[in-house]
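In: From the sequence below, what's the structure:
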Amino acid sequence: MNWNRVLLLVSVGLGFAAIAPARLGVGSVIRPLHLATVFAVQPSETAMNWGFRAVLPAQRPKGTLSEEAAEMLKQQLEEARREKLAMAARVESLQTQIEQLTRVLQLNPGFAVRETTPLPVDGIQSDASGTLLKVRGGSNISIPVGAIAVAERVHLIGKVVSTDALNSRVRPIVDGGAGELTGVIFANERFQSDGTTKVLQTVGDQSRLIVKLKPAEGGLTLNGISSIERGVDPSTVLAPEEGMVVRLMSDDWPRSEQMLIIGRVSRVIDTPNGRKVVVVTPAIDPRRVSEVTVRFVDSSPAGGASGGNGPVGRVAP
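Out: This next block holds a predicted model:
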């Protein structure tokens, strides 16, 4: 028996019954049976699609990503962008340090200096004279008393006043017990907005100003009085201005450390006697620094105790 033919005949009969006049009362019963029979005999493409859509999830167009994959890719791109920016900043920082160290060597050449790798500062200690920075590294890496602590290779932080096997203690230049410093200001050198120094090539004036600096109350700045050098016409003395660079030029500090950066001129005050009071603010606060490099003249046979032209060493922490 051909069941498909039987179903077809039944479907036709039910179809006629479904369109029968309403007064016969059979349409409401027969019509659903007719539709079910048609669906069973010859399912339409629309009906099949409806069934598939009910069972299967919606398909994404080719070449598109899921929300999870797109979010993951976005995060990876953002991380790569941050790493690129950090690397660029690091390269720029190293270039700046090289330029500034080159400037120091130009102003004060000819000394073989050993320096440590950057050493952590473990906090501030008090003593009878003021405050000291506790630096992780001492006689175990050959740091002597009198060595000089710097930040970013060129910014003067202070002097080592004591050491033990594992630690050194540094008195910051802004501490009340640090004593007097002599600084020099050059006419053609300024601090830039990013904190680095720059020699202004367009300024031909090579004049300079000597300032005697003492720690100010509060330990944040150094106040200095301008000093006229012997044999210099007072009318030709450099007038200090805000933003000028102040460098170390003190006879009681190691010769190898001359021309390190003390800070920037942050204020100039006129006095009745015609001299200037110069307020100097360190570019890096010596009391808030997180790490320092310790420098000292190489006393090995290669370098010579007097700091000759021996090779520059590097002390591992």
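In: average pLDDT across stretch 79-92?
Out: For stretch 79-92, the mean per-residue pLDDT is 79.
In: Please save the CA atoms from that stretch in CSV.
Out: Extracted in CSV, the C-alpha atoms of stretch 79-92 (Å, rounded to 0.1, in the frame of the first residue of the first chain):
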residue,chain,number,x,y,z
GLU,A,79,48.5,45.6,26.6
ALA,A,80,50.8,45.8,23.6
ARG,A,81,50.2,49.6,23.4
ARG,A,82,51.1,50.1,27.1
GLU,A,83,54.3,48.1,26.7
LYS,A,84,55.3,50.1,23.7
LEU,A,85,54.7,53.4,25.5
ALA,A,86,56.6,52.1,28.6
MET,A,87,59.5,51.1,26.3
ALA,A,88,59.6,54.5,24.6
ALA,A,89,59.6,56.2,27.9
ARG,A,90,62.5,54.1,29.1
VAL,A,91,64.5,54.8,26.0
GLU,A,92,63.8,58.5,26.4
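In: Tell me, how many residues neighbour the nearest residue to Gly183 once chain neighbours are set aside?
Out: Nearest residue to Gly183, sequence neighbours excluded (CB to CB, 6 or more residues apart in numbering): Val246, at 4.3 Å. Where you see a C-beta, it was placed from the backbone N, CA and C, and this is true even at glycine. Neighbour count for Val246, taken as other CB atoms under 10 Å: 30.
In: Check which helix or strand Val246 maps to.
Out: strand 244-248 (DSSP states H and E).
In: Touching that strand from outside, list them.
Out: Contacts to strand 244-248, defined as CB atoms under 8 Å, 6 or more residues apart in numbering, come from residues 107, 156, 181-186, 189-191, 197, 211, 213, 224, 257-265, 278, 280.
In: buried subset of those residues?
Out: Buried members of the contacts of strand 244-248, scored by 16 or more other CB atoms under 10 Å, are 156, 181-186, 189-191, 197, 211, 213, 224, 257-265, 278, 280.
In: So which of those are in helices?
Out: Using DSSP state H, no member of these falls within helices.
In: Mind checking which of those residues land in strands?
Out: With strands taken from DSSP state E, the overlap with the buried ones among the contacts of strand 244-248 comprises 156, 181-186, 189-191, 197, 211, 213, 224, 261-265, 278, 280.
In: phi, psi of Asn273?
Out: Backbone torsions of Asn273, given as degrees, to the nearest 10, read phi -80, psi 10.
In: What is the burial count for it?
Out: With other CB under 10 Å as criterion, Asn273 counts 6.
In: before we move on, what about Pro144?
Out: 15.
In: do Ser193 as well
Out: 6.
In: when you give positions from now on, start the count at 33
Out: Got it, first residue is 33 now, which makes that one Ser225.
In: can you map out the helices along the chain?
Out: 35-50, 59-73, 77-87, 99-139.
In: circling back to that earlier point, partner strands of the strand holding Val278, with direction?
Out: Next to strand 276-280 in the sheet, as set by DSSP bridges, lie strand 213-223 (antiparallel), strand 293-302 (antiparallel).
In: Check those strands for me: which has the lowest mean pLDDT.
Out: Among those, strand 213-223 scores lowest, at a mean of 86.
In: pLDDT below threshold where in the stretch 33-182 of the chain?
Out: Within the stretch 33-182 of the chain, the segments meeting pLDDT under 70 span 33-97, 124-144.
In: Any figure for the gap between the nearest residue to Thr195 once chain neighbours are set aside and Leu198?
Out: Spatial nearest neighbour of Thr195, chain neighbours left out: Gly170 (4.2 Å); criterion: CB to CB, 6+ apart. Remark: distance between Gly170 and Leu198 (CB to CB, to the nearest Å) = 5 Å.
In: So between these two, which is more surrounded?
Out: Gly170 (20 against 11).
In: residues in contact with the more buried one?
Out: Contacts of Gly170 (CB under 8 Å, 6+ apart): 195-200.
In: if we can go back for a sec, out of the strands paired with strand 276-280, nearest to Gln157?
Out: strand 213-223 (22.0 Å; CB to CB).
In: Confirm for me that Leu188 is in contact with Met291.
Out: No: using CB atoms under 8 Å as the test, Leu188 is too far from Met291 to be in contact (9.8 Å).
In: Any idea what Ile180 is bridged to?
Out: Applying DSSP bridges, one finds that Ile180 bridges with Lys191, Arg327.
In: ok, now Val153?
Out: Where Val153 sits in a bridge, its partners, by DSSP bridges, are Val167.
In: how close does it sit to Asp284?
Out: Val153 is 24 Å from Asp284, by CB to CB.
In: More neighbours: the two, which one.
Out: Using other CB under 10 Å as the criterion, Val153 and Asp284 rank with Val153 on top: 21 against 8.
In: Show the average pLDDT along the strand holding Val278.
Out: Rounded mean pLDDT across strand 276-280 is 90.
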